[in-house]
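>>> Structure for the following, please:
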Amino acid sequence: MRRKLFFWELGGFLFTGALGVLLHFVYEWSGGSVLAAWFSAVNESTWEHMKLLFVPLFLFSVVQVCLMGRNYPNLPAVRAVSILAGVTLIPVLFYTYTGALGRHVVWVDIAIFFLADLGAFALDFWLLRRGKLSAGWMQLAGLAALWGLAFCFVWCTFRPPCLPLWQDPVTGMYGIS
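From the prediction side, this is the model:
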């Protein structure tokens with residue numbers, strides 16, 4: 001069972017990394033489609049880069065719950081915690097290193113995405129293996145958190161707050177320009 005979980009988590013890491021990279025370009029490739037804006041990055045803001053991790057992780061979670069939920073009934077709560085950790089790592093690491101250097105470096109930005117992806121799945125694996133967060137109310141809270149985050153990522157693409165997290169450093173604009 002542990003080996004099977006490891007391969008699921010490894011597959012999730014690879015799927016999230018690959019799809020996240022593709023989603024970086026989908027909005028542009030679609031000619032600025034409003035539909036594409038729902039799930040792909042519309043600008044270079046930190047928030048939109050967090051969406052690049054969230055969307056594939058969310059999609060993978062739906063598949064994983066359907067196929068493995070019976071064996072891991074704590075999956076919704078665990079995945080909510082690991083997704084929150086992963087999407088939090090992106091701004092924490094980005095603003096820490098850019099604050100220290102005074103500029104950003106593209107390869108470091110890319111590495112941060114993959115570190116956040118790895119961090120999310122490592123935490124996920126650890127929590128699932130140990131049966132943590134298994135109470136029924138935690139599963140409901142986890143599902144509510146996942147769907148709430150999905151709503152926030154879509155909403156803030158179209159109606160972003162005027163805060164640095166949502167500002168495109170290239171254009172100075174917020175959300176869809």
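>>> shouldn't residue 162 be in contact with residue 174?
Yes: applying CB atoms under 8 Å as the test, residue 162 and residue 174 come out as touching, 6.0 Å apart. The C-beta positions use only the backbone N, C-alpha and C, and glycine is treated the same way.
>>> quick one: contacts for the residue nearest the centre of the chain?
Residue closest to the average C-alpha location in the chain (CA atoms, centre = their mean): residue 54, at 2.2 Å. Under the criterion of CB atoms under 8 Å, 6 or more residues apart in numbering, the contact partners of residue 54 comprise 83, 86-87, 149-150, 153.
>>> quick revisit: comparing residue 162 and residue 174, which residue is more hemmed in?
In this view residue 162 and residue 174 are compared by other CB atoms under 10 Å, and residue 174 has more residues nearby, 20 against 8.
>>> hang on, the earlier thing: now for the contacts of residue 54, which pair is the farthest apart?
The largest separation in the contacts of residue 54, counting by CB to CB, is between 86 and 150 at 14.4 Å.
>>> So if I had to pick from these two, which one is more boxed in?
Counted by other CB under 10 Å, residue 86 and residue 150 do not tie: residue 86 has more neighbours, with 25 against 16.
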